[in-house]
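Q: Sequence below, structure please.
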Amino acid sequence: MKGVNVSRYDKYNNLSGGFRAPLNAAWNATSGPSGVTDLYRVTGVSTNGSGRLIRATNVLAVAGILIAHGPKNAGDIVDVMTDGEVVELDALDLQANTAPVPGTKYYLDVTAGRLTATAPGTGVNGFYVGQTVEAGRLIVRCQQIQG
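A: Numbers count the residues shown, from 1 in each chain. Here you go, the predicted model:
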C-alpha cells in the first residue's frame with residue numbers, strides 16, 4: 001500500500017518468536033469486524049479445534065498477533081508473532097484511533113479487534129501484547145493475564 005503507513009513485522013525470529021499456522025477463513029480488506037480491514041493491521045489470533053487461525057474472541061485463547069500483508073485465502077500459512085518487534089504502528093492499529101505514545105503498554109481488545117492502552121481491571125482476564133519504545137515501534141512480548 002504505497003503512501004500509507006502499514007504495520008509490519010520488523011524483528012522476528014521464526015524459530016523462537018512465533019509460529020506458522022493456516023488461516024481458517026480468508027482475510028481481506030472487508031473481513032474484519034465492523035468493516036475494519038484485516039490487512040496491514042495488528043490483529044490478535046487464536047487457534048481453533050482444527051489448529052487453524054481465527055480472529056481472537058477470548059483473551060484467554062489468544063495465541064499471538066498477525067499482520068497480513070495482502071489478501072490471504074483460507075488454508076494459507078501465515079506467521080504469528082509472540083515475541084519480536086512491529087514498526088509503523090499507527091492509530092488504525094489502536095482501538096481508540098489515537099497515535100501510539102512511546103512508553104505505553106498495549107493490550108488486546110478482542111471486541112474491537114485492535115490494541116488498547118487500557119489495562120484489564122482487577123480480577124479481569126486480559127492479554128498483554130507489548131510496549132512502545134518509540135511512537136511507531138512496538139516491542140511484542142505476548143502474555144496472558146489472568147485476573
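Q: give me the low-pLDDT residue ranges for this structure?
A: Along the chain, segments meeting pLDDT under 70 span 1-5, 12, 14-15, 32-36.
Q: Find the centremost residue of it, please.
A: Nearest to the geometric centre of the chain sits Thr43, at 2.9 Å (CA atoms, centre = their mean).
Q: Just list whatever residues bridge to that residue.
A: Applying DSSP bridges to Thr43 gives these bridge partners: Leu66.
Q: from what I can see it touches Gly113, true?
A: Yes. With contact defined as CB atoms under 8 Å, Thr43 counts as touching Gly113 (6.1 Å). All C-beta spots, glycine's among them, are computed from the backbone N, C-alpha and C.
Q: List the contacts of Asn48.
A: Counting by CB atoms under 8 Å, 6 or more residues apart in numbering, Asn48 touches Asn24, Ile54.
Q: Check the one 10 residues further on too.
A: The neighbours of Asn58, taking CB under 8 Å, 6+ apart as the test, are Ser46, Val110.
Q: same check, this time on Arg8
A: Tyr40, Ile67, His69, Val86, Val87, Glu88.
Q: first vs last residue of stretch 133-141, how far apart are they?
A: Using CA to CA, to the nearest Å, the end-to-end distance of stretch 133-141 comes to 13 Å.
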